[in-house]
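S.K.: Got a predicted model here, sequence first, then my questions.
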Amino acid sequence: MRQLLTFIRKEFLHVFRDRKTLLMLFGLPIAQIVLFGFALSNEIKNSHIAVVDYSKDAATTRLISRIAASSYFDIRRSLAGADQLQAAFKKGDIKMAIIFPANFGDDLQHTGKATMQVIADASDPNQATTITNYLSQIVTDYNTELAKDAGQPMQINPETQMLYNPELRGAPNFVPGVMALVLMLVCTMMTSVAIVKEKELGTMEILLVSPFRPIYIIISKLAPNLLISVLNLVIILLLSWLFLDLPVKGSLLLLITCSILFILTSLSIGLLLSINAQTQQAAMMGSLMGMLLPTMLLTGFLFPIENMPLALQILSNLVPSRWYFIIVKRVMLKGLGITAVWREMLILTGMCLLLFTISLRKFKIRLQ
Amino acid sequence: MAPVISTNQLTKRFGQFIAANALTFEVDKGEIFGFLGANGAGKTTAMRMLCGLSTPSSGKATVAGFDIYTQTEKIKQNIGYMSQKFSLYDDLTVAENIRFYAGIYGMSTPAIKTKTNQLLQELQLEKEAKTLVKALPLGWKQKLAFSVAIVHDPDIVFLDEPTGGVDPVTRRQFWDLIYAASDKGVTVFVTTHYMDEAEYCNRVSIMVDGVIAALDSPANLKQQFNATTMEDVFYELARNAKRKAD
Amino acid sequence: MINLTSIKKSYNKGQIPAVTGISLSVERGELFGLIGPDGAGKTTLFRILTTLLIPDEGTATVDGLDVVKDYAKIRSRVGYMPGRFSLYQDLTIEENLNFFATVFGTTIKENYHLIEEIYKQIEPFKDRRAGKLSGGMKQKLALCCALIHKPTVLFLDEPTTGVDVVSRKEFWDMLQRLKQEGITILVSTPYMDEANRCDRIALIQKGSILSVDTPKGIVDAFPQDLFAVRSAKTHQLLRDVRDFPGTDTCFAFGESLHVTFKGDPRPLIPWLKQKGQADATMEKITPGIEDCFIHLLKN
């Protein structure tokens, strides 16, 4: 018994003297509580929607004002025609569109029934379901209100159409998110570990004291990981197509090009992480802690970014996987071309170049 | 008096490879026994078996009177062990290390206290009691590690290359500690690459290719091989070893 | 060929001094030994000379090139074997050698004559992975990898540590042969007996040099007469000689004790015989490097 206590006491001493681990042990739960408790939520607020009102009567106006007043929705566009909706959906400017037919008010007055068309972007099926439910709730309340005034039951029926993902499958949202996550993690971890392994083994010393230029060391560490990641990507796409019935709707070439861009960005993050790590363990921990949490939380596939506090929204702009996620959804799911993703590509390119430049500058050509 | 170590045809096989082959020898109480051999000769394998860390493939042996097949736990309680690579925790203080090892060996709290003070005094480390071990010079670490290995007054202590890389003065101070322990009746089983240290031992065994090629006092070995130093004896035996590759 | 001037280096922002003002020079074609225990500063010096660390103070040059400014040039012409035999554990002997040859822009064939004698000893195992080699073989392979590009200077940091006596001897034989090729070799080792195989040596402890000279020069500089005292009861002898009032220093050296005296040494033997050391003998001996090191440490 005494021996057990002695050993336990020693273990406590080890833990409390290791500042870095301590920071993680206490810091991580606190950070998580704060994030999950306050910042992240599945609630949808201020969803961007569009309204097309062909009727423009008292009934539609009042309903629209109810919708506008709700904190769930943010009416971005009051469009003249439904033909403009496609473009807006493709761009991702709106998550839902409501179309009131021309004789909405009349129908309501005379028959007590009217329909409104609701189109929702179901590439994130959870989001789509949630906001259409919110809308239904508002409509139901409005129904009750109208019924009181009119003295008879009023029924406005939203006819809902789920765009891009009519069966509301999880895969269309989840696969791009996982792609971003997997590529990011694998690239940063494998690269940082590969470089630090040389340091740990002592072979880095010999490589440095040779005419072999440091940039070649870097390229040779990155090259196999690039290849493996592209293979990984191809496997994921094949599996998505064959087993999840999720083919690439847009250009495969564009998707692969953008993916390589993202992979290069992730590789350079791995490179940056390897510079200060002395052990493989530290490199792994750095990659996981440093990249897993931000990628999972701030990419936008688990929690909608639009609903986060402003600080986190700004922070998410710095996470490369966020931009890649957008590109994948647009190219793979919505079948869009380069015109729809060139901005995101530019951002990724910028990040990649910046990270590489910093890493190259900071790559240690000496041992301290 | 019964020997502290007694082995009979002790053998360890790894598949086809015989690491230690039919080792048969005895070590008496209070002896300083040098266990020499080239890398790959089988020294580490043999030591592991004697410490109860590895089960032999065949043969018999007792350490401190306990059987190495059935009573390994009793063996571990009655021996001390110090290796070159690790013995002390760098991020604990000198006093904490002593207290830890004493506690592991089941010493009572008052006994630990007395022993800690005694050790600190003997090693002249009273001022460093609260210093982290990683801040100590190598020589002091080695001496502390040895004292900690025998903190529980074991019958025998196994030392695995304890003086590697240490400066010549500290090396000799270390051997003063070994002598002191031997005087108190602790048997010392030591391996080393320093041939002059082989001379300090009562008897020396030299392993070559998994077998004990020679076992006797340094004086007798030198006579037997017509050599002036233990280094020459060792060289004579080891240079024709077949197991250079392993 | 190699020059160090007032080199100082410490770690942890000055908290851990590693090298405290070292000046040294090694001639072209010399086999120079840096002798000292762990923590003396040997590895730090090596890392400064191979341009892996920048000294806090002082300057150093290798083959006329400054270690800080001309690091790239130095890196392409020196051979370096750091401690722990850094090899790629999961590559075979042949693959390791090929790799290092390529990194230096050469092939195994081009400089084979340099490594031939060493490589022949491990060639039978050329398809074995480096991780599965014994210490002695790893040592030989690491040496080949450091030589394959025909360096002008060879830096070997503790190449014989942890390796058995036989392999150590063979290794120094190999170094002697390399010296004949005109390569300047700087070796560090904690083993005092290896000092005698060098042209010149520097004894180093706690970051500073105790002495630099040929092995013979260092031995000649030993200030007192040294005596080897022996008896059958070695253990007891140590105590007895230390108790003798005329003893200055007394250290165990294997079978005998090496003793220096404050005055006349002759009364020791009768005194010992009186103590029961009937067969005690004493003779004057030439000091070894270890004796000199211990002496220098004490002062």
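M.R.: Perfect, I can see it now.
S.K.: residues in contact with whichever residue of the stretch 51-200 of chain C sits closest to chain B?
M.R.: Closest residue of the stretch 51-200 of chain C to chain B, CB to the nearest CB: residue C:164 (3.8 Å). Heads up, the C-betas are built off the backbone N, CA and C, glycines and all. Listed by CB atoms under 8 Å, 6 or more residues apart in numbering or on different chains, the contact partners of residue C:164 are B:37-39, B:193, B:238, C:135-136.
S.K.: can we see that at 7 Å?
M.R.: Residue C:164 is in contact with B:38-39, B:193, B:238, C:136, counting by CB atoms under 7 Å, 6 or more residues apart in numbering or on different chains.
S.K.: and it, backbone torsions?
M.R.: The phi and psi torsions at residue C:164 (degrees, to the nearest 10) take the values phi -70, psi 170.
S.K.: part of a helix, is residue B:10?
M.R.: No. Assigned with DSSP: H, G, I helix; E, B strand; the rest coil, residue B:10 falls outside any helix and is strand.
S.K.: sorry, back to before: so how far is residue C:170 from the residue of the stretch 51-200 of chain C closest to chain B?
M.R.: Distance, residue C:164 to residue C:170, by CB to CB, to the nearest Å: 10 Å.
S.K.: And residue C:235, by the same measure?
M.R.: Note on residue C:235: its distance to residue C:170, by CB to CB, is 34 Å.
S.K.: So between those two, which is more surrounded?
M.R.: More crowded of residue C:235 and residue C:170, by other CB atoms under 10 Å in any protein chain shown: residue C:170, with 19 against 14.
S.K.: The more buried one should be in a helix, yeah?
M.R.: Yes. Assigned with three-state DSSP, residue C:170 falls within a helix.
S.K.: What sits closest to it if chain neighbours are left out?
M.R.: Counting by CB to CB, 6 or more residues apart in numbering or on different chains, residue C:136 is the residue found nearest to residue C:170 once chain neighbours are left out, at 7.6 Å.
S.K.: thinking again about what came up before, now for the contacts of residue C:164: which two are most distant?
M.R.: Between any two of the contacts of residue C:164, the greatest separation by CB to CB is 12.4 Å, found for B:193 and C:136.
S.K.: Three-state assignment for the nearest residue to residue A:18 once chain neighbours are set aside, please.
M.R.: Nearest non-adjacent residue to residue A:18, counting by CB to CB, 6+ apart: residue B:91, 7.3 Å away. Secondary structure of residue B:91, reduced to three states by three-state DSSP: coil.
S.K.: number of nearby residues for residue A:84?
M.R.: 14.
S.K.: Then residue A:128?
M.R.: Around residue A:128 there are 25 residues (other CB under 10 Å).
S.K.: contacting residues for the residue of chain B found nearest chain A?
M.R.: Across chain B, the shortest distance to chain A (CB to the nearest CB) belongs to residue B:103, at 2.9 Å. Contact analysis of residue B:103 by CB under 7 Å, 6+ apart lists A:2-3, A:6, B:112.
S.K.: ditto for residue C:87
M.R.: Residue C:87 sits in contact with C:96, C:130, C:138, C:141-142, where contact means CB under 7 Å, 6+ apart.
S.K.: tell me the SS of residue B:52?
M.R.: coil.
S.K.: Look up how far residue B:152 lies from it.
M.R.: Residue B:52 is 15 Å from residue B:152, by CB to CB.
S.K.: Neighbour count: those two, which is higher?
M.R.: residue B:52 (23 against 20).
S.K.: ok, the more buried one touching residue B:76?
M.R.: Yes. With contact defined as CB atoms under 7 Å, residue B:52 counts as touching residue B:76 (5.2 Å).
S.K.: where do the helices sit along the stretch 51-200 of chain A?
M.R.: For the stretch 51-200 of chain A, applying DSSP state H, counting those that start in this stretch gives helices covering A:58-69, A:83-91, A:104-111, A:125-150, A:171-201.
S.K.: element containing residue C:252, please.
M.R.: In this structure, residue C:252 sits in strand C:247-253 according to DSSP states H and E.
S.K.: what about residue A:364, distance to residue A:107?
M.R.: Taken as CB to CB, the span from residue A:364 to residue A:107 is 74 Å.
S.K.: one step back: weed out the non-buried ones from the contacts of residue B:103.
M.R.: Buried by 16 or more other CB atoms under 10 Å in any protein chain shown: A:6, B:112, out of the contacts of residue B:103.
S.K.: Just the ones of the contacts of residue B:103 in helices?
M.R.: A:2-3, A:6, B:112 (DSSP state H).
S.K.: Got the phi and psi for residue B:14?
M.R.: The phi/psi pair for residue B:14 (degrees, to the nearest 10) is phi -120, psi 90.
S.K.: quick one on the thing from earlier: quick check: the farthest pair among the contacts of residue C:87?
M.R.: Across these (CB to CB), the longest gap, 9.9 Å, separates C:96 and C:138.
S.K.: Overlap in contacts, those two.
M.R.: By CB under 7 Å, 6+ apart, the residues touching both residue C:96 and residue C:138 are C:87, C:130.
S.K.: Near chain A, which residues of chain C are found?
M.R.: By CB under 7 Å from any CB of the partner chain, the residues of chain C that approach chain A are C:47, C:50-54, C:75-76, C:78, C:80, C:82, C:84, C:86, C:88, C:103-105.
S.K.: among those, which are in strands?
M.R.: C:78, C:80 (DSSP state E).
S.K.: Check the contact between residue C:149 and residue C:102; I expect there is one.
M.R.: No. Applying CB under 7 Å, one finds residue C:149 not in contact with residue C:102, separated by 9.9 Å.
S.K.: the more surrounded of these two?
M.R.: Set residue C:149 next to residue C:102 and count neighbours by other CB under 10 Å: residue C:149 wins out with 23 against 14.
S.K.: Tell me the secondary structure at the more buried one.
M.R.: Residue C:149 ends up coil, using three-state DSSP.
S.K.: show me the residues around the nearest residue to it once chain neighbours are set aside that make contact.
M.R.: Distance criterion CB to CB, 6+ apart; nearest residue to residue C:149, sequence neighbours excluded, is residue C:104 at 3.5 Å. Neighbour list for residue C:104: A:210-211, C:148-149 [criterion: CB under 7 Å, 6+ apart].
S.K.: go on, residue B:95?
M.R.: So residue B:95 contacts B:116, B:129-130 (CB under 7 Å, 6+ apart).
S.K.: can you list the weak-confidence ranges in the stretch 1-150 of chain A?
M.R.: Where the stretch 1-150 of chain A drops to pLDDT under 70, the residues are A:39, A:42, A:77-80.
S.K.: Where does it get nearest to chain B, which residue?
M.R.: residue A:6 (2.9 Å).
S.K.: which one is that residue nearest to, not counting chain neighbours?
M.R.: Nearest to residue A:6 is residue B:103, by CB to CB, 6+ apart, at 2.9 Å.
S.K.: hmm, who's touching stretch B:177-197?
M.R.: With CB under 7 Å, 6+ apart, stretch B:177-197 has contacts from B:4, B:27, B:29-36, B:43, B:143, B:146, B:150, B:154-163, B:175, B:198, B:229-231, B:234, C:164-165, C:235, C:253-254.
S.K.: tell me which strands and helices the helix or strand harbouring residue A:216 is in contact with?
M.R.: Assigned by DSSP H and E, residue A:216 belongs to helix A:214-243. Counting by 3 or more CB pairs under 7 Å, 6 or more residues apart in numbering or on different chains; DSSP states H and E, the packing neighbours recorded for helix A:214-243 are helix A:171-201, helix A:252-276.
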